[in-house]
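Enquirer: Structure, please.
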Amino acid sequence: MLNTAIIGAGPYGLSIAAYFRHQGIPFRIFGRTMDSWLAHMPKGMFLKSDGFASNIYDPEDKFTLERFCAEKGVEYGHTGVPVHLDNFVAYGLAFRERMVPELEDRQVVSIERLADGYRLRLDDGETFMARRVVLAVGITHFAYTPPALEALPSSLVSHSYDHHNLDSFKGRSVVVLGGGSSALDVAGLLHEVGADVQLVTRRQSLKFHSAPTGKPRSLWQQFRHPQSGLGPGLKSRFFSDAPMTFHYLPARLRVEAVRRTLGPSGGWFIKDKVIGRVPLVLSHTLKGAGVQGGRVRLDLRGADGTPKEILTEHVIAATGYRVNLDRLQFLDAGIRSKIETLEGSPVLSSSFESSVPGLYFAGLAAANSFGPVMRFAFGAGFAAQTLTRAVVKSLSREPASIRVPSAVTSD
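Expert: Numbers count the residues shown, from 1 in each chain. Below is the predicted model of the structure:
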């Protein structure tokens, strides 16, 4: 029986696999490398995270983003130099080749729980048993679309997750719903490709990160607003550096902190692509939607109650991601029904284990347990270290006869 199966090959899955490999933990890892970044983020975007906070992690820091950029001759800065999507994806692919050569570009289509572990089936029909399963699926499966849009055809409505290349919208009218980073990135990039784009948000104003000044920060500024993997500020420093302390806070306090902290905002570099270029419809809430003359009719309401109607050829819901375990259809319904949840997310132990023994979650699904840092690549290092310690400790208690995986079987 295999010791551990890792599902997902983004920053979290790759980091966990690199740590397991270093410790000699038997594992298999499945998924398309950096899929969410490679196929579901808009071409031309930059990461909001600083360079030093955009690493994929290995236990010896052998292959950081800084080292990759140095090898490729790409401009890099711990801060002040935005990380281009193409460079981050290329770094992830290189990390996989160098640090996780075991990755199998195959999909897990079903996971069942048996008395002695989990039975997994792959898309090519292979089945095998694993003692533990780590789900590091990131935002995959969790795209959230407002209910008012769900009944409309996909030719008229999509989610920002559905788009990498926006060129097909050139010359078309598009409404982007949302006020966060995804919405701002998509709206700005749609304008660049020649779309007739409007941005609709319920927010009274848009927020952007502060642009770097290029000047050294005073000691007082460093004390009041310390740098962290989630940006400057005492709260951000706590959330980025103390996820285990966060884990022991009262549950409702944790959920509220995740909901309120690091709210919708865009990177400083996208501001000039949106402000003064993209028409904004602020302080308006979506109340309904329908199809009229082959277009989407959006029924909005302003903060003062005034109704407003917009007709457009396409709507892109850049409305974020919400964890919903029922979206994980490859996970047996019997397993899903036994997972204790809090506001839709699994309740996790201090080792990332769910209430179903041997089933672990990392990334976005772990945010309510370990804080906002789990929504960012920066949290992958903590997740990999913590999971590795837990598995090593568990292995030390197991008989030697079951530490080595048996051969897999195929249907």
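Enquirer: Assumed K62 was part of a strand.
Expert: No: with DSSP: H, G, I helix; E, B strand; the rest coil as the criterion, K62 is located in coil rather than a strand.
Enquirer: Contacts only, for it.
Expert: By CB atoms under 8 Å, 6 or more residues apart in numbering, the contact list for K62 reads M99. Heads up, the C-betas are built off the backbone N, CA and C, glycines and all.
Enquirer: Distance check, it against G8.
Expert: K62 sits 22 Å away from G8, going by CB to CB, to the nearest Å.
Enquirer: what's the answer for S349, then?
Expert: 19 Å.
Enquirer: can you check V193 too?
Expert: Distance check for V193 against G8: by CB to CB, it reads 30 Å.
Enquirer: residue ranges for the helices of this protein, please.
Expert: Applying DSSP state H to the chain gives helices spanning 11-23, 35-39, 65-72, 85-99, 147-150, 181-192, 219-224, 234-241, 243-247, 251-260, 271-274, 333-338, 367-370, 380-397.
Enquirer: which stretch among those comes nearest E353?
Expert: Ranking the helices of the chain by proximity to E353 (CB to CB) places helix 380-397 first, at 7.2 Å.
Enquirer: can you list contacts of stretch 325-337?
Expert: Against stretch 325-337 from outside (CB under 8 Å, 6+ apart): 108-113, 135, 137, 141-142, 339, 341, 344, 346, 356, 359, 365.
Enquirer: buried residues in it?
Expert: The neighbour-count check on stretch 325-337 (16 or more other CB atoms under 10 Å) flags L325, R327, L328, F330, L331, D332, I335, R336 as buried.
Enquirer: Same check on stretch 347-361?
Expert: Within stretch 347-361, the residues scored as buried using 16+ other CB under 10 Å are V347, L348, F352, E353, S354, V356, G358, L359, Y360, F361.
Enquirer: Okay, now stretch 273-282: how far is its last residue from its first?
Expert: This stretch, stretch 273-282, spans 17 Å end to end (CA to CA, to the nearest Å).
Enquirer: Now do that stretch: distance to the chain's middle.
Expert: Centre-to-centre, stretch 273-282 and its host chain are 26 Å apart (CA atoms, centre = their mean, to the nearest Å).
Enquirer: and what of stretch 211-225?
Expert: A distance of 29 Å separates the centroid of the chain from that of stretch 211-225, by CA atoms, centre = their mean.
Enquirer: Please renumber the chain so that the first residue is 44 from this point on.
Expert: Yep, numbering from 44; the last one is stretch 254-268 now.
Enquirer: any idea of the mean pLDDT in that stretch?
Expert: Mean per-residue pLDDT for stretch 254-268: 73.
Enquirer: Identify the residues contacting it?
Expert: Stretch 254-268 is contacted by residues T122, G123, P275, G276, L277, W311, F312, K314 when judged by CB under 8 Å, 6+ apart.
Enquirer: From those, pick the one nearest R344.
Expert: Checking the contacts of stretch 254-268 one by one against R344 (CB to CB), the nearest turns out to be K314, at 27.3 Å.
Enquirer: which stretches of the stretch 294-443 of the chain form strands?
Expert: Applying DSSP state E, counting those that start in this stretch to the stretch 294-443 of the chain gives strands spanning 323-324, 327-335, 338-345, 350-355, 357-360, 384-385, 388-389, 402-404.
Enquirer: which helices and strands does the longest one pack with?
Expert: Using 3 or more CB pairs under 8 Å, 6 or more residues apart in numbering; DSSP states H and E as the contact definition, the elements that strand 327-335 packs against are helix 190-193, strand 338-345, strand 350-355.
Enquirer: Identify whichever of these lies nearest to L209.
Expert: The closest approach between L209 and any of the helices and strands packed on strand 327-335, judged by CB to CB, belongs to strand 350-355 at 15.1 Å.
Enquirer: give me the low-pLDDT residue ranges for the chain?
Expert: Applying pLDDT under 70 to the chain flags the ranges 256, 266, 442-454.
Enquirer: Domains in it, by residue range?
Expert: Using automatic domain parsing, the domain parsing of the chain gives 45-185+364-453, 190-251+309-360.
Enquirer: Is the residue lying closest to P322 once chain neighbours are set aside bridged to anything, and to what?
Expert: Computed as CB to CB, 6 or more residues apart in numbering, the closest residue to P322 that is not its neighbour in sequence is Q241, at 4.8 Å. With DSSP bridges as the criterion, Q241 is bridged to V218.
Enquirer: What is the neighbour count of Q241?
Expert: By the criterion of other CB atoms under 10 Å, Q241 has 19 neighbours.
Enquirer: is it true that it touches H327?
Expert: No: if you go by CB atoms under 8 Å, Q241 and H327 don't touch, sitting 10.6 Å apart.
Enquirer: Reformat the helices of the chain as CSV; add distance to R246.
Expert: Listed next are the helices of the chain as CSV, based on distance: least, CB to CB, whole Å:
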stretch, distance to R246
helix 54-66, 29
helix 78-82, 25
helix 108-115, 32
helix 128-142, 25
helix 190-193, 18
helix 224-235, 10
helix 262-267, 26
helix 277-284, 20
helix 286-290, 27
helix 294-303, 14
helix 314-317, 13
helix 376-381, 34
helix 410-413, 22
helix 423-440, 30
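Enquirer: so which of these comes closest to R174?
Expert: helix 423-440 (8.8 Å).
Enquirer: Between helix 277-284 and the closest one, find me the angle.
Expert: Here the directions of helix 423-440 and helix 277-284 differ by 40 degrees (axes from the mean of the first three to the mean of the last three CA atoms, to 10 degrees).
Enquirer: Next, count neighbours for S203.
Expert: If you count neighbours by other CB under 10 Å, S203 ends up with 26.
Enquirer: residues contacting it?
Expert: By CB under 8 Å, 6+ apart, the contact list for S203 reads P85, A186, V219, G221, S225, A226, V229, I359, A360, A361, T362.
Enquirer: Ok, V200 next?
Expert: By CB under 8 Å, 6+ apart, the residues touching V200 are T188, L192, A332, V339, H357, V358, I359, A360.
Enquirer: where's the second one relative to H184, distance?
Expert: L192 sits 18 Å away from H184, taking CB to CB as the criterion.
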